[in-house]
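Q: Pasted the sequence and its predicted model underneath.
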Amino acid sequence: MTKVVNHERTSPVTDTGRCLDTVQLEGLERSFRSWAEASKRPDTKLSRRRILLIFLLIRYTGARLNEVLNLDPLTEIDFKSHIVHLKKGTDETDRAYRVVEVSEALSSEIKRLLDVQQLKQTPGGVFRIDPGHVRRKFYERAEACGIPRELGAPDAIRRSRAVELIQGNMPLPVVQKILGHSTPNLAASYLEFSDEEIHNAVRFFVDRENQRKTSARNAFFGKINQIQKGDIQAIVEIVALGGHRISAVITNHSLARLGLKRGTLVMAEVKAPWVMIYKGDEEPRTTAENIFCGSVHRISNGKITTEVVVRISDSMELCSVITEKGRKMLDIHENDTVWIAFNASTVVLHVD
């Protein structure tokens, strides 16, 4: 039977109707990335990468569009400490910065994208772009992945980041300081955080967020798309960040106790011994509800058991532990096309 892990939520109720959830934000990010690399013309690709950089900064710092356009990334991003210094005004004497931390992975990517001589020599600065042009490109990317254009606006993405932080249990006053807001209400004004406490809270969230993307093997982070209730148990369908659909079976009691509903963000995990592997070009005939096609990325051979890592997308790998005798019988080698399958009853749901 599927296990369910519940971690206590402390975030306030937030109206998410006017913003994107994490899965939609990830879809929008993929849209920007593929668009930025699609052009074969060097000048067009360079221009698109500038827009991608603006999106990534708004997406992960919650910055205002004008703050990013006024940013000098070569001097106001600390790539060693992974910190972005943001300010509202254009006045060079205005040193009223606010500091926002980003993940090491994002910091490295921004540095790599900026490490282009033509970009460094851009007249007026890397981000000196017409705001109207930036907004139009944001609208285009949103519509390209099925998102209403108004939800692809820079301010909507900034608002979505705020909701994402709050739903991730980051203290509301910390979120306010990150986004450069004044204290939202009198009750919150009694709760003060030192700079060190803010740093620790943000670093914890950024590390956890990055871990979801880079190190969670056999784990799908996404949102509940559909729930089918039976007499005793329910089938829960999750749409993961990469678009994969995973089915899990839990009891109706767990469903009610956790308050799971369509749109709830969850982590779906399956242990490697429960993951079955099939070789062949055609989808296998199996009763397993979750089936994915991929290529063998790595094999770690043992005397008794062997670990087979299968890449089902650029950002997702699944691991299967089988006997070495079974691997030889199936004649599985690296780069082979294989099918990965696991039952819905073996999926563990984790809820923040």
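A: Structure's in. What do you need?

Q: Would you confirm that S31 contacts G146?
A: No: between S31 and G146 there is no contact under Cβ atoms under 8 Å: 9.5 Å. All C-beta spots, glycine's among them, are computed from the backbone N, C-alpha and C.

Q: Have a look at these two and say which one is more surrounded.
A: Neighbour count, other Cβ atoms under 10 Å: between S31 and G146, S31 has more, with 20 against 10.

Q: now that one: how far from H244?
A: 17 Å (Cβ to Cβ, to the nearest Å).

Q: same deal with P148?
A: For P148 relative to H244 (Cβ to Cβ), the value is 24 Å.

Q: What residues are bridge-paired with F292?
A: I340 (DSSP bridges).

Q: Quick one: mean pLDDT over stretch 221-233.
A: Mean pLDDT, computed over stretch 221-233, is 91.

Q: pLDDT below threshold where in the stretch 51-200 of the chain?
A: Counting by pLDDT under 70, the stretch 51-200 of the chain shows low-confidence ranges at 88-96, 117-124, 169, 182-200.

Q: could you pull out the helices for this structure?
A: Taking DSSP state H, the helices of the chain run over residues 22-38, 42-61, 65-69, 73-76, 104-114, 117-120, 131-144, 154-167, 172-179, 186-189, 195-214, 252-258, 324-330.

Q: So which of those is nearest V84?
A: Closest to V84 of those, according to Cβ to Cβ: helix 42-61, at 5.4 Å.

Q: I figured R298 hits E334, correct?
A: Yes: using Cβ under 8 Å, R298 is in contact with E334, at 6.7 Å.

Q: Measure how buried I235 is and give me the count.
A: 16.

Q: What of M329?
A: By the criterion of other Cβ under 10 Å, M329 has 11 neighbours.

Q: How much space separates it from T323?
A: 9 Å.

Q: isn't G302 right up against G326?
A: No: with contact defined as Cβ under 8 Å, G302 does not count as touching G326 (12.0 Å).

Q: Which one's more surrounded, the two?
A: Neighbours per residue (other Cβ under 10 Å) separate G302 from G326, with G326 holding more: 14 against 11.

Q: Can you read off the pLDDT for that one?
A: For G326, pLDDT reads 93.

Q: contacting residues around it?
A: G326 makes contact with T306, according to Cβ atoms under 8 Å, 6 or more residues apart in numbering.

Q: next one: the one 10 residues further on
A: By Cβ under 8 Å, 6+ apart, the contact list for D336 reads 279, 295-296.

Q: From those, pick the one nearest A36.
A: Of these, the one sitting nearest to A36 (Cβ to Cβ) turns out to be S295, at 25.3 Å.

Q: residue contacts, the closest one?
A: 310-311, 335-338.

Q: Buried among the residues you listed? Make that a PyMOL selection.
A: Only the buried entries of those go into this PyMOL selection, using 16 or more other Cβ atoms under 10 Å:
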select buried, resi 310+336+338
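
Q: which stretch among the helices of the chain comes nearest G230?
A: helix 252-258 (7.5 Å).

Q: Residues in contact with that closest one: which ones?
A: Outside helix 252-258, the residues touching it (Cβ under 8 Å, 6+ apart) are 4, 6, 227, 229-234, 236, 260, 351.

Q: Make TSV out of those residues and add neighbour count and distance to V68.
A: Converted to TSV, the contacts of helix 252-258 look like this (neighbours: other Cβ atoms under 10 Å; distance: Cβ to Cβ, whole Å):
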residue	neighbour count	distance to V68
V4	21	40
N6	14	37
I227	16	39
K229	12	45
G230	10	49
D231	6	53
I232	8	52
Q233	19	48
A234	20	43
V236	28	38
L260	20	36
V351	17	33
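
Q: domains of the chain?
A: Taking automatic domain parsing as the criterion, the chain consists of the domains 13-213, 219-266, 272-350.

Q: what about the last one, how long is it end to end?
A: I take that to be domain 272-350. 17 Å (Cα to Cα, to the nearest Å).

Q: Dump the helices of the chain into CSV; add distance to M267 as well.
A: As requested, the helices of the chain are exported to CSV (distance: least, Cβ to Cβ, whole Å):
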stretch, distance to M267
helix 22-38, 11
helix 42-61, 20
helix 65-69, 31
helix 73-76, 33
helix 104-114, 19
helix 117-120, 37
helix 131-144, 26
helix 154-167, 14
helix 172-179, 22
helix 186-189, 29
helix 195-214, 8
helix 252-258, 13
helix 324-330, 29
